[in-house]
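*Asks:* got a predicted structure here, sequence first:
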Amino acid sequence: MNLLSFWYFVVMYQPVSFAEKFARFAETFQPKVVAQMNDVQFKLVRVEGDFVWHSHPETDEAFLVIEGMLAIDFRDGRVELQPGELFVVPRGKEHKPFAAGETKILLIEPAGTQNTGDAGGAMTAPMDVWI
């Protein structure tokens, strides 16, 4: 195996370590892309406190709690997620994430999905920030 082949093998076959990636940032509500499959991005994000009411008219949005507890409020109810639990918010459904303490989550959504959806505002994060 030559050096180029070895480098390709090492780079192409590395798992994504959530712990290592979370150690690289501390800010909340600023999703970081860690992988992409076709048109779908996998984003890690720290959350704490209230987010904004918003919806994503064109896409569903999946939340997987890695650490902590996440509530997702809807105008007609709420879902509470523990570590290891996943919930998919249907496209167009207005929602507001909330975490009483720091919570680490994995978002799964199409590339180009804005974190504040149709709401915009001060909590809008830059898109496509890879770590």
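*Replies:* Thanks, I have it. Everything numeric here is computed off the predicted structure, so don't read it as measured data.
*Asks:* list the contacts for Phe74?
*Replies:* Residues counted as contacts of Phe74 (C-beta atoms under 8 Å, 6 or more residues apart in numbering) are Lys93, Glu94, His95. C-beta coordinates here come from the backbone N, C-alpha and C atoms, glycine included.
*Asks:* from those, which is closest to Lys32?
*Replies:* Minimum separation from Lys32 among the contacts of Phe74 (C-beta to C-beta) is found for His95, which lies at 20.9 Å.
*Asks:* helices of the chain, start to end?
*Replies:* In chain order, the chain shows helices spanning 3-12, 18-22, with DSSP state H as the criterion.
*Asks:* mean pLDDT lowest where, among those helices?
*Replies:* Ranked by mean pLDDT, the helices of the chain bottom out at helix 3-12, with a mean of 57.
*Asks:* so who does Arg91 touch?
*Replies:* With contacts taken as C-beta under 8 Å, 6+ apart, Arg91 has the following neighbours: Ser55, His56, Pro57, Glu58, Thr59, Asp60.
*Asks:* mind checking which of those are buried?
*Replies:* Applying 16 or more other C-beta atoms under 10 Å to these, the neighbour count classes Ser55, His56, Thr59 as buried.
*Asks:* can you list the contacts of Arg91 in TSV and add distance to Ala71 and pLDDT?
*Replies:* Formatted as TSV, the contacts of Arg91 follow (distance: C-beta to C-beta, whole Å; pLDDT from 0 to 100):
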residue	distance to Ala71	pLDDT
Ser55	17	97
His56	18	97
Pro57	23	96
Glu58	24	96
Thr59	21	97
Asp60	19	97
